[in-house]
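K.L.:
Dropping a prediction and its sequence here:
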Amino acid sequence: MLSQSIINDVITAALDTGGDFAEVFVEDRFTNNLALQGGKIESSLSGRDFGIGIRVFKGLQSVYAYTTDGSREGLLKAAGNAAQAIRGEKIIQPAQLQREIIPAAHPISLNPREVEKLRKVDVMKKAYEIAKNYHNSIQQVTVRYFDEEQNVLIANSEGKFVEDRRVRSRLAIQSIAAEGNKMQPGSYGPGAHKGFEFMENLNLEHYANEASRIAVTMLGADPCPSGKFPVIIDNEFGGVIFHEACGHGLEATFVAKENSVFANRIGEKVASDVVTYVDDGTLSNEWGSITIDDEGEKARKNVLIENGILKGYLIDKLGGRRMGMESTGSGRRQSYRFAPTSRMTNTYIANGKSTPAEIISNTEHGIYTKYMGGGQVNPTTGDYNFAVMEAYLVKDGKIGKPLKGATLIGNGPKTLQLVDMVANNLDHGAGMCGSQSGSIPVNVGQPMIRVSEMTVGGTKGGK
């Protein structure tokens, strides 16, 4: 992408005013976005984005600059701009760059860039037809297709020089069911760190039917009661609550500045004994997986909470400086336009010893949330408010009537303490996570769990 000699010159220029660390991030990204509605393609966007980010440290000071000018002159100018904000007495010489070859941990067999657009549209149309024909109350179906190839080169003044290619594919299906003046949505958005082979092997029947089934089921649902209940949260995307309300609080971005309830609590009990919480970027071909992070560190499995005890944080290079700790391979960014910060990859609650049937049968009265919707979280406190896309009443150990309008309200750290049952059916769901370094692909996950008491907001009075 860029020669070692040019990058070495850029790093040297970035250190010219006394910085003690410099980094170059080169990115060349190709994307395809298609949207289908009413059986027809409504939009088709393809693009290429190339740019370079340059970062300089002096102690805990960090300066970031980026440019789309890949010429030697343009790069040296950007490096000089970053260096101007740094003032140090000692000018250091960067270490000699050592190219490191890291085998791709998530190989692909069919690059989407080499696949005709018509084949992509065929997948979308099949998903559309399945979802639309699920039930006569389905009034609208939207199918969105996405693929990207991101090529990066990362080099720094410590001698690191590494390249990586990331290829991802995703299909999102949204159905809307209507009856009279009532409307309800349902959606599913599977994705993977794979090429077009992901689309060829995707179980379209399952995902398209699920999107429509949710919409149709919720159309006939009763209003959800409000109050405090035991709540069963199903596997896969149910993990979004803990991603938002706990995962962000374990990132060095917040911990290093003590803007997290988990700061300075390594070794303390922060969750119930049945909770083990993990971030693992090495999972094969998962949507949130990486071979290396955006600082060039190899992906790894980070156990954050083990049997209720806080074991560690997600740490990027700058956060590590602030905390006096090593990077955990967690420095991620949306693109060259963002400096990296500590971020999640595939974050999940590990399997427990119960079965889903045991959790349900042992719940006399409560709420079962099958699919979560969106929500809001205060990362400093962990307070959250999440909509539920599909919920049911649990009575006498059995799943009963569907409920609509449910919201889950609470505090992430407190909720962790109230998890009293964890099943053995771990699964992951694909999503996009936004934070200081932009929007990045992540997985959230968990087995079915039960929280002994949660505040449920609804459109009907209490018990």
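P.N.:
Great, that's in hand.
K.L.:
From here on, just use CA atoms for contacts and neighbour counts.
P.N.:
Noted.
K.L.:
Report how many residues lie close to Glu364.
P.N.:
Glu364 has 12 neighbours, counted by other CA atoms under 10 Å.
K.L.:
hmm, what's the outermost residue in the chain?
P.N.:
The C-alpha centroid of the chain is most remote from Glu89, which lies 41.0 Å away (CA atoms, centre = their mean).
K.L.:
hang on, that one is in a helix, isn't it?
P.N.:
No: assessed by DSSP: H, G, I helix; E, B strand; the rest coil, Glu89 does not belong to a helix; its assignment is coil.
K.L.:
ok, now how distant is it from Asp16?
P.N.:
Noted for Glu89: a distance of 10 Å to Asp16, by CA to CA, to the nearest Å.
K.L.:
ok, then the element right after the helix or strand containing Lys370?
P.N.:
Here Lys370 sits within strand 365-377, counting by DSSP states H and E. Going down the chain from strand 365-377, the next helix or strand is strand 383-395, by DSSP H and E.
K.L.:
Can you tell me which helices and strands that next one packs against?
P.N.:
Applying 3 or more CA pairs under 8 Å, 6 or more residues apart in numbering; DSSP states H and E, we find strand 383-395 packed against helix 204-219, strand 365-377, strand 398-404, strand 407-411.
K.L.:
partner strands of it, parallel or antiparallel?
P.N.:
Note on strand 383-395: by DSSP bridges, its sheet partners are strand 365-377 (antiparallel), strand 398-404 (antiparallel), strand 407-411 (antiparallel).
K.L.:
any idea of the mean pLDDT in the shortest one?
P.N.:
Along strand 407-411, the predicted local confidence has a mean pLDDT of 96.
K.L.:
Repeat that for the first one.
P.N.:
The average pLDDT for strand 365-377 rounds to 93.
K.L.:
now that strand against helix 204-219, angle please.
P.N.:
100 degrees (axes from the mean of the first three to the mean of the last three CA atoms, to 10 degrees).
K.L.:
List the buried residues of strand 365-377.
P.N.:
Residues His365, Gly366, Ile367, Tyr368, Thr369, Lys370, Tyr371, Met372, Gly373, Gly375, Val377 are the ones in strand 365-377 that count as buried (16 or more other CA atoms under 10 Å).
K.L.:
okay if I get the helices and strands packed on strand 383-395 as TSV plus distance to Glu163?
P.N.:
Output for the helices and strands packed on strand 383-395, formatted as TSV (distance: least, CA to CA, whole Å):
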stretch	distance to Glu163
helix 204-219	34
strand 365-377	35
strand 398-404	48
strand 407-411	40
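K.L.:
Just tell me which of these ends up closest to Arg300.
P.N.:
strand 365-377 (26.6 Å; CA to CA).
K.L.:
Phi first, then psi, for the residue farthest from the centre of the chain.
P.N.:
Reported as degrees, to the nearest 10, the phi and psi values for Glu89 are phi -80, psi -30.
K.L.:
Could you do the one 5 residues further on as well?
P.N.:
Per-residue torsions, Pro94: phi -70, psi 150 (degrees, to the nearest 10).
K.L.:
In contact with the nearest residue to it once chain neighbours are set aside: list those residues for me.
P.N.:
With CA to CA, 6 or more residues apart in numbering as the criterion, Pro94 has its nearest non-adjacent residue at 4.5 Å, and that residue is Ser157. Residues near Ser157 by CA atoms under 8 Å, 6 or more residues apart in numbering: Ile11, Thr12, Phe21, Ala22, Glu23, Gln93, Pro94, Ala95, Gln96, Leu97.
K.L.:
and what of Asp280?
P.N.:
Ser289, Ala299, Arg300, Lys301, Asn302, Thr345, Asn346, Thr347.
K.L.:
How much space separates the last one from Ala211?
P.N.:
Thr347 sits 24 Å away from Ala211 when distances are taken as CA to CA.
K.L.:
So the two - more neighbours on which side?
P.N.:
More neighbours surround Thr347 than the other of Thr347 and Ala211, with 27 against 24 (other CA under 10 Å).
K.L.:
Apart from its chain neighbours, what residue comes closest to the more buried one?
P.N.:
Thr347 sits nearest to Asp279 (CA to CA, 6+ apart), 4.2 Å away.
K.L.:
can you pull out the strands in the stretch 51-200 of the chain?
P.N.:
For the stretch 51-200 of the chain, applying DSSP state E, counting those that start in this stretch gives strands covering 61-67, 98-100, 138-156, 160-179, 182-188, 191-192.
K.L.:
Tell me which of these sits most buried.
P.N.:
Compared across those, strand 191-192 shows the largest average neighbour count, a mean of 26 (mean count of other CA atoms under 10 Å).
K.L.:
on contacts alone, who are the packing partners of that one?
P.N.:
Using 3+ CA pairs under 8 Å, 6+ apart as the contact test, the elements touching strand 191-192 are strand 160-179.
K.L.:
can you give me the angle the strand it packs on makes with strand 182-188?
P.N.:
Angle, strand 160-179 to strand 182-188, by the same axes, to 10 degrees: 150 degrees.
K.L.:
Just the CA trace of strand 160-179, in CSV.
P.N.:
Once non-C-alpha atoms are left out, strand 160-179 reads as follows in CSV (Å, rounded to 0.1, in the frame of the first residue of the first chain):
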residue,chain,number,x,y,z
LYS,A,160,5.8,-2.6,13.9
PHE,A,161,4.8,-3.0,10.2
VAL,A,162,1.8,-5.2,9.6
GLU,A,163,-0.9,-5.5,7.0
ASP,A,164,-4.4,-7.0,7.2
ARG,A,165,-7.5,-7.6,5.0
ARG,A,166,-11.0,-7.7,6.4
VAL,A,167,-14.0,-8.9,4.4
ARG,A,168,-17.5,-8.7,5.8
SER,A,169,-21.0,-9.4,4.5
ARG,A,170,-24.4,-8.8,6.0
LEU,A,171,-28.1,-9.1,5.1
ALA,A,172,-30.7,-7.2,7.0
ILE,A,173,-34.4,-8.0,6.6
GLN,A,174,-37.2,-5.9,8.1
SER,A,175,-40.9,-6.8,7.8
ILE,A,176,-43.9,-4.7,8.8
ALA,A,177,-47.2,-6.3,9.6
ALA,A,178,-50.4,-4.2,9.6
GLU,A,179,-54.0,-4.7,10.5
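K.L.:
Output the contacting helices and strands for that strand.
P.N.:
Packing partners of strand 160-179 (3+ CA pairs under 8 Å, 6+ apart): strand 98-100, helix 117-132, strand 138-156, strand 182-188, strand 191-192, helix 197-201, helix 204-219.
K.L.:
closest one to Ala82 among these?
P.N.:
Each of these was scored for nearness to Ala82 using CA to CA, and the closest is strand 138-156 (14.5 Å).
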